[in-house]
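Student: Fold the following and give me the result.
(2 chains)
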Amino acid sequence: MEPSSLTLFWAGAIALSIFVYVILDGFDLGVGVLFGTTNEDAKRVQMMNSIAPFWDGNETWLVIIGASLFAAFPVVYAVFLSAFYLPVLLLLFGLIFRGIAFEFRSRAGSMRWFWDWGLCLGSVVVAFAQGAAIGAMMRGVPVANNQYAGDAFGWLHPFSVLTGIGLVLGYALLGAGWLVLRARGRCAIGHMRVYPGLSAEYSSR
Amino acid sequence: MLKAICESVIGELLFPILAVAALIGVVMCARARRDGLPFPLTVLFFLASYLTLGVMFWPYMVPYSITVADAAAPDASLGFFFYGGVIVCR
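Tutor: Reported below is the predicted structural model:
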């Protein structure tokens, strides 16, 4: 059966929203991942300031994706939620923890280390959950009678762990690109040095 | 035969090749300290990878059991959301 033009419109709108989300939240999640690679407070403040105006707006795209999927493709929404309950919960807890860390960090005194790690760990968990879900989709999602036919840990497989780690590194690359773009000519932060082979060039600045 | 090979190269390998090229570009620009380029090239890498996934999944929306056409709500509902969306966006 050929999809109707309205179906194609909604599928395209959702696909575009997902891509925009991946790029926009990708760079701020990536900066969060890279947060764990430095101990210097000046760098951390600079990293946070570079994403502070954007990060919560970027996450709003998730709401658009969820709502459009629920309205236009209810079967897909039902199957995906059943198939990926655990990654989606991880994702939401990660996003919440990350948001709290963002707000509390500057106000915290002796507990600052906790929120620093919260920001980094929350970002890693969110990126990993998304990557693992993509990996599980690539392996195929078992469906019977328009309902998910696997178990709660069906998504967990060495391949999806690999894609999860891959997305963490991919977002970190986006974050690193964002930081060098924003810091151009103004400071000597070398975030690209977390990538082997790029280390010498950027750490010598 | 040649045409079929060309079509499969364009259909299945174009985006993966673009993704690899973008990654090579990221490394080269980072080494050359062209600070403005790694970010857009990483975006290009993500776009190419995303389109690779799209080619891989199409026409399935839930791989590999429910197609986009099967999963869609009735056209009447989709049209309703469409006009609702137009009003909200205006």
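
Student: switch to C-alpha atoms for all contacts and neighbour counts from now on
Tutor: Fine.

Student: Can you show me the helices along chain A?
Tutor: For chain A, the helices defined by DSSP state H occupy A:5-34, A:41-51, A:55-72, A:74-83, A:85-105, A:112-139, A:158-182, A:199-203.

Student: Which residue ranges make up each domain of chain B?
Tutor: Following automatic domain parsing, one gets these domains for chain B: B:2-58, B:66-90.

Student: Now do the longest one, average pLDDT.
Tutor: When the per-residue pLDDT values of domain B:2-58 are averaged, the result is 88.

Student: Check whether it comes near chain A.
Tutor: Yes: using CA under 8 Å from any CA of the partner chain, domain B:2-58 reaches chain A at B:27, B:30-31, B:33, B:35-39, B:42-43, B:46-47, B:50, B:57.

Student: which of the residues you listed has the most neighbours?
Tutor: Within the residues of domain B:2-58 next to chain A, residue B:38 tops the neighbour count with 27 neighbours, counted by other CA atoms under 10 Å in any protein chain shown.

Student: Could you measure from that one over to residue A:177?
Tutor: 5 Å (CA to CA, to the nearest Å).

Student: Please apply the same query to residue A:8.
Tutor: Taken as CA to CA, the span from residue A:8 to residue A:177 is 33 Å.

Student: Please pull out the lowest mean pLDDT helix or strand from chain A.
Tutor: helix A:199-203 (a mean of 40; mean pLDDT, DSSP states H and E).

Student: mind listing what residue B:78 touches?
Tutor: A:6, A:7, A:10, A:71, A:72 (CA atoms under 8 Å, 6 or more residues apart in numbering or on different chains).

Student: Report the two of those separated the most.
Tutor: Greatest spatial distance among the contacts of residue B:78 (CA to CA): A:6 and A:71, at 12.8 Å.

Student: can you tell me which two in the residues of domain B:2-58 next to chain A are farthest apart?
Tutor: Across the residues of domain B:2-58 next to chain A (CA to CA), the longest gap, 37.2 Å, separates B:33 and B:57.

Student: related to what we said a few turns ago, pick out whichever of residue A:6 and residue A:71 has more residues nearby.
Tutor: residue A:6 (19 against 16).

Student: If you count surrounding residues, which of residue A:8 and residue A:177 has more?
Tutor: More neighbours surround residue A:177 than the other of residue A:8 and residue A:177, with 28 against 15 (other CA under 10 Å).

Student: ok, the more buried one to residue B:36 distance?
Tutor: Following CA to CA, the distance that separates residue A:177 from residue B:36 is 8 Å.

Student: neighbours around residue A:108, how many?
Tutor: Neighbours of residue A:108 using other CA under 10 Å come to 13.

Student: likewise residue A:1?
Tutor: 7.

Student: And the nearest residue to it once chain neighbours are set aside, how close does it get to residue B:58?
Tutor: Using CA to CA, 6 or more residues apart in numbering or on different chains and skipping residues adjacent in sequence, the residue nearest residue A:1 is residue B:69, 6.6 Å away. Distance, residue B:69 to residue B:58, by CA to CA: 11 Å.
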